[in-house]
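# sequence-free structure coming up:
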């Protein structure tokens, strides 16, 4: 019989990975509850695997942004996705009345995406430098 991982097992394992990474990462990460909400939002209910498409923004806003960031670091890296995610993060921070700005929330979710991918990103190096240089002008 194959070893089947349920959604809760995978969710717990990924959250534990992020908590472990907090010790050696200088970048800010979302709090534990927000990490759990993000990861829970991108996992399939029955299989525990990553969803093939983004969850509904109205039902799972953090899951939606987190899914797009995970996908961006895996795929071709269309820069419009990052601008869209930043905009969504501003809306989420405002709607939830968070003590952080949308820009800070975006930075935390991007760091979370890279941590959950094991530190790998196809565009983490040069693409990110180009994007932030142009965005800061």
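Done, it's in. Quantities reported herein were computed from a predicted structural model and do not represent experimental measurements.
# Helices of this structure, residue ranges please.
For the chain, applying DSSP state H gives helices covering 7-21, 32-42, 61-74, 79-96, 102-116, 126-135.
# Redo these as a markdown table? Include mean neighbour count.
(Glycine included, C-beta is placed from N, CA and C.) As requested, the helices of the chain are arranged in a markdown table below (neighbours: other CB atoms under 10 Å):
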| stretch | mean neighbour count |
| --- | --- |
| helix 7-21 | 15 |
| helix 32-42 | 20 |
| helix 61-74 | 22 |
| helix 79-96 | 16 |
| helix 102-116 | 21 |
| helix 126-135 | 12 |
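# Out of the ones you listed, flag the one nearest residue 50.
helix 32-42 (5.9 Å; CB to CB).
# if we can go back for a sec, and of the helices of the chain, who's closest to residue 48?
So among the helices of the chain, helix 7-21 is nearest, using CB to CB, at 3.9 Å.
# if we look at that closest one, which residues are touching it?
Outside helix 7-21, the residues within contact range by CB atoms under 8 Å, 6 or more residues apart in numbering are 29, 32, 35-36, 39-40, 43-49, 112, 115-116.
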